[in-house]
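Q: What follows is a predicted protein model with its sequence.
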Amino acid sequence: MTEPSAAERAEALRGQLRAADHAYYVLDQPILSDPEYDRLMRELAALEAEHPELARPDSPTQRVGGAPSERFGRVVHREPMLSLGNVQTDEELDELDARVHRLLGLPAEEPVRYVLEPKLDGLAVELVYEDGAFLQGSTRGDGVNGEDVTQNLRTVGRLGANRGIPARLAGAPRRLEVRGEVLLQKEHFAAMNQLLLRQGEEPFANPRNAAAGSLRQLDWRVTATRPLSFIAYEALVPGGDGGAPWRHHWEKLQALAAYGFETNPENRLCLGMGEVKAYRDRMADRRFELPYDTDGVVVKVDDLDWQRRLGAASKFPRWAAAFKYPPQEETTRVRQIWASVGRTGVLTPVVEVEPVRLSGATISRATLHNEDEMRRKDIRVGDLVLIRRAGEVIPEVVKSIPERRTGEEREFVFPEHCPVCGARVVREEGEKVYRCTGSACPAQLVGRLTHFAGRRAMDVDGLGEKLAAHLVSTGLVKDFADLYAVRFEDWQKAFGRNRKPAEGAKPQELPEKSAQNIVAQLERSKQTTLRRFLNALGIPQVGEATAATLARHFGAVEPFLAAGEEELTAVRDVGEETAREIRAWTGEPQNQEVVRRLLAAGVVAAPEPAAVGGFFAGKTVVLTGALARRSRDEAKAEIERRGGKVAGSVSRKTHLVVAGEESGSKLKKAQELGVRVVGEEEFERLLAGGEP
Ligand SMILES: NC(=O)c1ccc[n+]([C@@H]2O[C@H](COP(=O)([O-])OP(=O)(O)OC[C@H]3O[C@@H](n4cnc5c(N)ncnc54)[C@H](O)[C@@H]3O)[C@@H](O)[C@H]2O)c1
Ligand SMILES: [Zn+2]
């Protein structure tokens with residue numbers, strides 16, 4: 001086969017991009033991930049730059065958005081609605097700043113004033129007001145021709161999602177064109193998808209598509225049922241901004257708020273690139289805390305006269321650009337699906353995917369919560385799927401892309417028998433999940449053991465799934481208490497199996513060392529807190545939070561074991577069902593016996609110590625880059641639980657910087673200021689109470 005010529009490749013890329021544009025802008029159901037789309041776009045732009053004879057005025061590199069759908073009336077934008085150029089690195093940001101200086105003839109040392117705004121991940125609309133009244137509203141469309149969605153827009157904000165789109169403005173110029181983003185807040189998105197599911201309709205892949213799909217309805221009454229919000233970020237007056245009462249973008253934003261629009265409280269004025277970068281870092285840290293999705297920050301030259309002088313190049317203004325975050329979504333292929341059996345016997349589909357980079361980490365597994373979800377999303381082995389990671393550690397499988405199937409894909413069938421113990425698998429009436437019915441299922445026991453040893457439970461480092469599986473399969477461990485009775489030579493054997501000794505090491509040295517290690521870990525784990533201990537037991541309905549409540553209430557193991565249903569119900573935040581489940585567990589003589597043996601082995605479950613005096617107490621910590629073991633939120637919660645504070649940017653007041661994968665400018669800053677920097681391993685050690 002011969003390589004396609006540049007002309008053929010360019011044509012193929014244009015075809016792919018046009019199809020993707022149609023799916024994304026017109027149908028609101030994308031068939032590519034954003035990074036895939038961006039890669040194709042960059043390839044095409046590079047080809048066209050290298051071979052100018054291949055450039056076409058109608059190429060996707062030259063055009064904004066997609067063609068407006070024929071289903072809507074047409075609105076011609078008086079001023080075209082442009083896209084935003086992309087910058088991805090510090091160097092590109094500096095280039096942007098240098099270009100602004102050059103084009104305006106400013107001295108290099110004079111800092112430019114920029115307005116920084118979160119890049120909202122919704123869809124852009126334009127609203128026309130005359131004499132203060134809302135006249136017409138439209139989508140961006142192809143930048144010049146938008147879709148008339150006036151009626152639909154009138155309903156935005158009616159459900160109280162935010163102020164929405166005001167019907168009348170206070171004190172606005174005679175004709176005013178307002179631009180901004182229609183979006184769905186994350187919680188509204190989740191609730192809306194739930195509702196769509198219950199009605200048997202197709203849920204949306206992400207809040208952006210949901211906002212676009214909700215607004216671009218033929219029947220405005222459907223739009224009215226969707227909790228859409230609007231945030232304004234641009235205002236134009238015919239005759240140039242000369243006819244308008246403002247000279248700076250920042251003033252425009254203030255004016256928009258005064259007219260009655262919601263503007264973004266996160267917007268900031270920044271002087272020079274140092275402040276621009278600091279803002280970007282701060283927002284990157286906080287992005288998952290914001291109530292809506294953002295996919296970057298937008299940098300805009302503040303001075304409107306300068307904006308005019310800078311103008312635009314094809315589809316991008318030269319006075320603004322978007323700094324995009326690492327992608328949250330990617331497409332990848334499903335290699336395999338299998339059912340994993342958890343500690344409560346629930347079978348969960350585990351989806352193994354071809355490894356991809358996602359918000360700063362390499363991903364090879366994704367979750368589907370249960371069979372219903374797998375069927376609904378129609379995920380098959382061999383499928384290309386869209387996966388999404390929004391703050392959590394393991395990403396979620398969002399959808400399959402049936403448009404890109406080859407016919408080789410296979411559906412995954414849930415086994416009728418437990419893949420581990422062979423017992424029957426049942427799905428009870430009204431239950432969403434399949435469960436292994438084996439009362440002595442080793443997989444369940446392995447699940448319970450790893451939970452018991454988990455970081456938030458007894459915290460036995462090194463007792464993972466593999467080791468637990470070995471202990472169970474050899475019969476060494478039948479319950480938690482057995483763990484503390486395993487003999488040293490059995491640990492050695494456990495570590496010796498299937499292992500090649502390390503290069504240069506004497507045989508047996510490695511297993512011996514590992515055995516010493518685990519014994520030390522187990523010994524250490526005996527000094528624990530009641531909260532951790534109760535969590536470790538894996539009592540149905542008792543997670544970390546309930547364990548903490550119970551620990552506070554009872555203060556010791558014995559009164560907890562003795563408590564009847566009524567007393568348990570009286571504990572704050574413990575409902576009747578939970579109380580019943582707890583009592584059923586503690587009422588089981590076998591369970592009582594295991595607890596007694598644990599205590600006899602030397603486990604001491606003390607009441608929670610006050611959080612003072614630990615390493616993190618009173619310290620300010622900055623997190624940067626992606627951590628592999630915890631989400632940002634979890635890491636933050638752990639630090640706060642120990643009396644520390646998490647800040648967004650590095651300063652002289654910072655005590656510690658935790659640097660995960662792909663940490664950037666904050667790491668540099670910390671090194672400049674001489675702030676202590678630790679990696680993930682060290683951070684975990686400090687959290688576990690290790691010596692600083
Ligand atoms: N997955 C796909 O198949 C597919 C198809 C087409 C486009 N896309 C995605 O869309 C991108 C191109 O879309 P685009 O042209 O809309 O560019 P863009 O989304 O990169 O940037 C322009 C848009 O940013 C938005 N925006 C958000 N906050 C803003 C603020 N504070 N100020 C100004 N504007 C703000 C506006 O809607 C504006 O139209 C691609 O890079 C790709 O990621 C994906
Ligand atoms: Zn089983």
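A: Yep, that arrived. Numbers count the residues shown, from 1 in each chain. Ligands and ions are numbered 1, 2, ... in the order given.
Q: residue ranges with poor pLDDT in the protein?
A: For the chain, the stretches with pLDDT under 70 are 1, 240-243, 497-509, 609-613.
Q: Quickly find the element holding the residue of the stretch 301-450 of the chain found nearest ligand 1.
A: Proximity of the stretch 301-450 of the chain to ligand 1 (C-beta to the nearest ligand atom) peaks at A322, 5.2 Å away. Bear in mind the C-beta positions are built from the backbone N, C-alpha and C, glycine included. Here A322 sits within strand 320-324, counting by DSSP states H and E.
Q: Check which helices and strands that strand sits against.
A: Strand 320-324 makes packing contacts with strand 86-87, strand 113-120, strand 294-301 when contacts are defined by 3 or more C-beta pairs under 8 Å, 6 or more residues apart in numbering; DSSP states H and E.
Q: elements contacting the first one?
A: Packing contacts for strand 86-87, counted by 3+ C-beta pairs under 8 Å, 6+ apart, involve helix 90-104, strand 320-324.
Q: Need the nearest residue in space to the residue most central in space within the chain, chain neighbours excluded.
A: By C-alpha atoms, centre = their mean, the chain has its centre lying nearest to A390, at 0.7 Å. Residue nearest to A390 in three dimensions, not counting chain neighbours: Q328, with 5.7 Å by C-beta to C-beta, 6 or more residues apart in numbering.
Q: That neighbour and L386 touch, don't they?
A: No - the criterion here is C-beta atoms under 8 Å, and Q328 misses it with L386 at 10.6 Å.
Q: who's more crowded, the two?
A: Shown here are Q328 and L386; by other C-beta atoms under 10 Å, L386 has more neighbours (25 against 22).
Q: Quickly note the distance from that one to D94.
A: Using C-beta to C-beta, to the nearest Å, we find L386 at a distance of 34 Å from D94.
Q: Assign S83 to helix, strand or coil.
A: coil (DSSP: H, G, I helix; E, B strand; the rest coil).
Q: For the stretch 551-692 of the chain, which residue gets nearest to ligand 2?
A: Distance from ligand 2 to each residue of the stretch 551-692 of the chain (C-beta to the ion) is smallest for Q590, at 18.6 Å.
Q: Now do the helix or strand where that residue lies: distance to the chain's middle.
A: Q590 is part of helix 589-600 when elements are defined by DSSP H and E. Mean-position distance between helix 589-600 and its chain equals 41 Å (C-alpha atoms, centre = their mean, to the nearest Å).
Q: who does that helix touch, helix- and strand-wise?
A: Packing partners of helix 589-600 (3+ C-beta pairs under 8 Å, 6+ apart): helix 480-483, helix 557-562.
Q: Make a markdown table out of the ones you listed and add distance to H248 and mean neighbour count.
A: Shown next, in a markdown table, are the helices and strands packed on helix 589-600 (distance: least, C-beta to C-beta, whole Å; neighbours: other C-beta atoms under 10 Å):
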| stretch | distance to H248 | mean neighbour count |
| --- | --- | --- |
| helix 480-483 | 66 | 20 |
| helix 557-562 | 63 | 15 |
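Q: Ok, which of these comes nearest H22?
A: Evaluated over the helices and strands packed on helix 589-600, closeness to H22 peaks at helix 480-483, with 57.4 Å, by C-beta to C-beta.
Q: Can you give the distance of that closest one from its chain's centre?
A: 37 Å.
Q: what does it rub up against?
A: With contacts defined as C-beta atoms under 8 Å, 6 or more residues apart in numbering, helix 480-483 is touched by 448-449, 452-453, 460, 463, 471, 476-477, 522, 536-537, 594, 597-598, 601.
Q: Which of these sits closest to ligand 2?
A: R448 (12.4 Å).
Q: Downstream of the host helix or strand of the closest one, the next helix or strand is which one?
A: Here R448, judged by DSSP H and E, is contained in helix 442-453. Under the assignment DSSP H and E, the closest C-terminal helix or strand after helix 442-453 is helix 465-473.
Q: Check the offset of that next one from the chain's centre.
A: Worked out by C-alpha atoms, centre = their mean, helix 465-473 lies 32 Å from the chain centre.
Q: Which positions in that helix come out as buried?
A: Neighbour counts over helix 465-473 (16 or more other C-beta atoms under 10 Å) mark 467-472 as buried.
Q: and of those residues, the nearest to T654?
A: Nearest to T654 among the buried residues of helix 465-473, counting by C-beta to C-beta, is L467 at 38.0 Å.
Q: Do I have it right that that closest one meets A494?
A: Yes - using C-beta under 8 Å, L467 is in contact with A494, at 6.4 Å.
Q: What parts of the protein come near ligand 2?
A: Residues of the chain lying close to ligand 2 (C-beta under 5 Å from the ion) are 418, 420-421, 423, 436, 438, 441.
Q: Residues contacting the helix holding R448, please?
A: Residues outside helix 442-453 that contact it (C-beta under 8 Å, 6+ apart): 340-345, 418-421, 436, 438, 457-460, 463-465, 468-469, 471-473, 477-480, 483, 525, 536-538.
Q: which residue packs closest to E411, ignoring adjacent ones?
A: Distances taken as C-beta to C-beta, 6+ apart place R380 nearest to E411, at 5.1 Å, with adjacent residues excluded.
Q: which SS state does H553 fall under?
A: What three-state DSSP gives for H553 is helix.
Q: Any figure for the gap between it and E567?
A: Distance of H553 to E567, given as C-beta to C-beta: 9 Å.
Q: Tell me how many other residues surround A443.
A: 23.
Q: That should have said A190, apologies.
A: For A190, the neighbour count with other C-beta under 10 Å is 14.
Q: What residues of the helix or strand harbouring it count as buried?
A: For A190, the host element (DSSP H and E) is helix 186-198. Across helix 186-198, burial judged by 16+ other C-beta under 10 Å covers 186, 188-189, 192-193.
Q: Of those, which is the nearest to P57?
A: If you rank the buried residues of helix 186-198 by distance to P57 using C-beta to C-beta, F189 comes first, at 37.4 Å.
Q: To what extent is E429 buried, counted in neighbours?
A: Counted with other C-beta under 10 Å, E429 comes out at 5.
Q: and C418, what is it in contact with?
A: Residues near C418 by C-beta under 8 Å, 6+ apart: 341, 347, 424-425, 436-438, 441, 443.
Q: and the closest residue to it other than its chain neighbours, bridged to which residues?
A: Nearest non-adjacent residue to C418, counting by C-beta to C-beta, 6+ apart: C436, 3.8 Å away. Beta-bridge partners for C436, by DSSP bridges, are V425.
Q: do E117 as well
A: The partner residues for E117, given DSSP bridges, come to V298.
Q: That one contacts V297, correct?
A: Yes - with contact defined as C-beta under 8 Å, E117 reaches V297; the gap is 6.7 Å.
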